[in-house]
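K.L.:
This is a predicted model, with the sequence first.
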Amino acid sequence: MKNFFSNIWFRCIFTLLTIVLISGGLLSVLNDLLYVPEEERTERAIQSIYGDVEDFGVEYDGETSTKVLEYEFGKIEKIYDVQADEENSYILFKATGNQGYKGGTISLWVSVKMSEAGIYSIEKTLLAGFEKQTLMSKLNDAFYGNFNLQDTVETYENSYYFTTNPGESNSNLVSGATMSARAANNAVNCVITYLGENYND
Amino acid sequence: MTNFRKIASDGVIAQNPSLKLVLGTCPTLALTTMAMNGIYMGLAVTFVLICSNILVSLLRKVIPSEVRIPAFVLIIATFVTIVRLVLDKLLPAAYEVLGLYLPLIVVNCIILARAESFASKNGVIASACDGLFMGIGFTIALTLMGAFREILGSGAIFGIHLWDFSIGFFASSAGSFFTYGIFIALFSLIEGSISKKNKIKNYNKLVESKRLSDFVVTEEN
């Protein structure tokens, strides 16, 4: 018995397991203390898009829709109504586009502005995540700027979806990150589809 | 007797992890687009270095040598996770900037190398000092490189716009390699001249002390 406990392999395994257990316990406590809830992440995204909430009087009433909406291009996970001021109201989407690199997905925050005439246009898109050091860094401001349309409902009616096929009029392509661009396009295409189905009078 | 002065000078100058030992080149090249990014990364690495060195030193007589590397990696990974949790909660701007390079600190050569070569063979206070000054050396190198690239690549420093002139090359990946090479060359030049001066100084002291000892012998005679 004594030989078993003084055996080098027992000591090795015991040492590693002890470190794992203590580290795991410590990290689980810290994870509870430092947990960032989904609401706080949403507020950070809203702040990135619309600016400081207090300065601009941005209000949002939690999620408008709690159901995940599935589409051919991907899905819409969250929808928020955002009131920036008395005149301007926005719908904020968290959309995930599919057909990315190796079947991966990309999530974007898409801000859609509703004008007085009831026309909807994409104001701003923002990457929902921290993968900026990957191929995502190739999707620059110029790429996201191409999503700013005059009328998203009209694009839906004309089947004007963003694509990475070069040469087409609605092509939004980034060389060297084609599949990532496709997934980002598909996230916006989900938003266009939603607006066309729900706000097409 | 621990020579804390030597530990400090080794960490910042003689064995600067970034410019002398050329360790941790991945975050050095990728994150030095701005000076502030260099500071964020440097401080994160410094914290992990200090904490992991202290713990490795405390447990150096307990951890069997056969599993020392996996044990060190587990300890380092724990502290890196703590840094991630803290930054995500309290400094989301820093968390966003560091991005994927934050978890990559676990496999940063600097931290594992210091744990293996210093902390596992020295006392707790010396190890903590070694971690601190290695981290300071790394932070200074990254901040200087980041400032250089930010001034030339964007015409700004710490986000403050200086002028409209900018050379896009320095903001690119190729520019990062070029900048790194320039800094390593400059550092070698400066460190070499300081080292040479010190050698001459020590030699003169030795010669002086020998002359004095010769004089004493003559006196006794």
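P.N.:
It's in.
K.L.:
A:S107: helix or strand, and which one exactly?
P.N.:
Following DSSP states H and E, one finds A:S107 within strand A:106-114.
K.L.:
who does that strand pair up with?
P.N.:
Paired strands of strand A:106-114, with direction, are strand A:89-97 (antiparallel), strand A:120-127 (antiparallel) (DSSP bridges).
K.L.:
Make TSV from the ones you listed and add mean neighbour count and mean pLDDT to it.
P.N.:
Bear in mind the C-beta positions are built from the backbone N, C-alpha and C, glycine included. Listed next are these as TSV, based on neighbours: other C-beta atoms under 10 Å in any protein chain shown; pLDDT from 0 to 100:
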stretch	mean neighbour count	mean pLDDT
strand A:89-97	23	88
strand A:120-127	20	82
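K.L.:
As a markdown table, these with distance to A:R44 would be great.
P.N.:
Formatted as a markdown table, the strands paired with strand A:106-114 follow (distance: least, C-beta to C-beta, whole Å):
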| stretch | distance to A:R44 |
| --- | --- |
| strand A:89-97 | 12 |
| strand A:120-127 | 10 |
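K.L.:
Of these, give the one that comes closest to A:I106.
P.N.:
Nearest to A:I106 among those is strand A:89-97 (5.4 Å), distances taken as C-beta to C-beta.
K.L.:
Can you dump the C-alpha atoms of that closest one in CSV for me?
P.N.:
Taking C-alpha atoms only, strand A:89-97 is exported to CSV below (Å, rounded to 0.1, in the frame of the first residue of the first chain):
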residue,chain,number,x,y,z
SER,A,89,-37.0,54.5,-34.5
TYR,A,90,-35.0,51.5,-35.4
ILE,A,91,-35.3,47.7,-35.4
LEU,A,92,-32.2,46.0,-34.2
PHE,A,93,-31.6,42.4,-35.3
LYS,A,94,-29.1,39.8,-34.3
ALA,A,95,-28.9,37.7,-37.4
THR,A,96,-26.7,34.7,-38.1
GLY,A,97,-25.8,33.8,-41.7
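K.L.:
and chain B, which of its residues are near chain A?
P.N.:
Residues of chain B found near chain A (C-beta under 8 Å from any C-beta of the partner chain) are B:30, B:62-64, B:66-67, B:70-71, B:74-75, B:77-78, B:81-82, B:85-86, B:88-90, B:92, B:95-96, B:99-101.
K.L.:
Now, of those, which are buried?
P.N.:
For the residues of chain B next to chain A, a burial check counting by 16 or more other C-beta atoms under 10 Å in any protein chain shown picks out B:30, B:63-64, B:67, B:71, B:74-75, B:77-78, B:81-82, B:85-86, B:88, B:92, B:95, B:99, B:101.
K.L.:
for chain B, which residue is closest to the average position?
P.N.:
B:F138 (2.8 Å; C-alpha atoms, centre = their mean).
K.L.:
Which elements pack onto whatever helix or strand it lives in?
P.N.:
B:F138 is located in helix B:124-154, with elements delineated by DSSP H and E. Packing partners of helix B:124-154 (3 or more C-beta pairs under 8 Å, 6 or more residues apart in numbering or on different chains; DSSP states H and E): helix B:4-9, helix B:25-31, helix B:35-58, helix B:109-114, strand B:156-157, helix B:173-220.
K.L.:
How far away from the center of its chain is the helix or strand just after the fifth one?
P.N.:
From strand B:156-157 onward toward the C-terminus, using DSSP H and E, the following helix or strand is strand B:160-161. When C-alpha coordinates are averaged (C-alpha atoms, centre = their mean, to the nearest Å), strand B:160-161 and its chain have centres 27 Å apart.
K.L.:
now do stretch A:7-27
P.N.:
Per C-alpha atoms, centre = their mean, the centroid offset for stretch A:7-27 relative to its chain is 38 Å.
K.L.:
can you list the residues that contact that stretch?
P.N.:
The contact list for stretch A:7-27 (C-beta atoms under 8 Å, 6 or more residues apart in numbering or on different chains) reads A:4, B:62-64, B:66-67, B:70-71, B:74-75, B:77-78, B:81-82, B:85.
K.L.:
With stretch B:60-80 instead?
P.N.:
A:8, A:11-12, A:15-16, A:19-20, A:23, A:26-27, B:47-48, B:51-52, B:55-56, B:59, B:102-103, B:105-106, B:111-112, B:115-116, B:119-121.
K.L.:
in chain A, which segments are predicted with low confidence?
P.N.:
Applying pLDDT under 70 to chain A flags the ranges A:52-66, A:84-87, A:116-118, A:130-137, A:150, A:159, A:200-201.
K.L.:
ranges for the strands of it?
P.N.:
Assigned strands in chain A, in chain order: A:59-65, A:69-70, A:74-83, A:89-97, A:106-114, A:120-127 (criterion: DSSP state E).
K.L.:
Stretch B:104-123 spans what distance, first to last residue?
P.N.:
This stretch, stretch B:104-123, spans 27 Å end to end (C-alpha to C-alpha, to the nearest Å).
K.L.:
Identify the residues contacting it?
P.N.:
Residues from elsewhere that reach stretch B:104-123 (C-beta under 8 Å, 6+ apart): B:2, B:17, B:21, B:23-24, B:26-27, B:44-45, B:48-49, B:52-54, B:56-57, B:60, B:63, B:68-69, B:72-73, B:75-77, B:80, B:83, B:126-127, B:130-131, B:134, B:138.
K.L.:
try 7 Å
P.N.:
For stretch B:104-123, contacts defined as C-beta atoms under 7 Å, 6 or more residues apart in numbering or on different chains pick out B:2, B:17, B:23-24, B:26-27, B:44-45, B:48-49, B:52-53, B:56-57, B:60, B:68, B:72-73, B:76-77, B:80, B:127, B:130-131, B:134, B:138.
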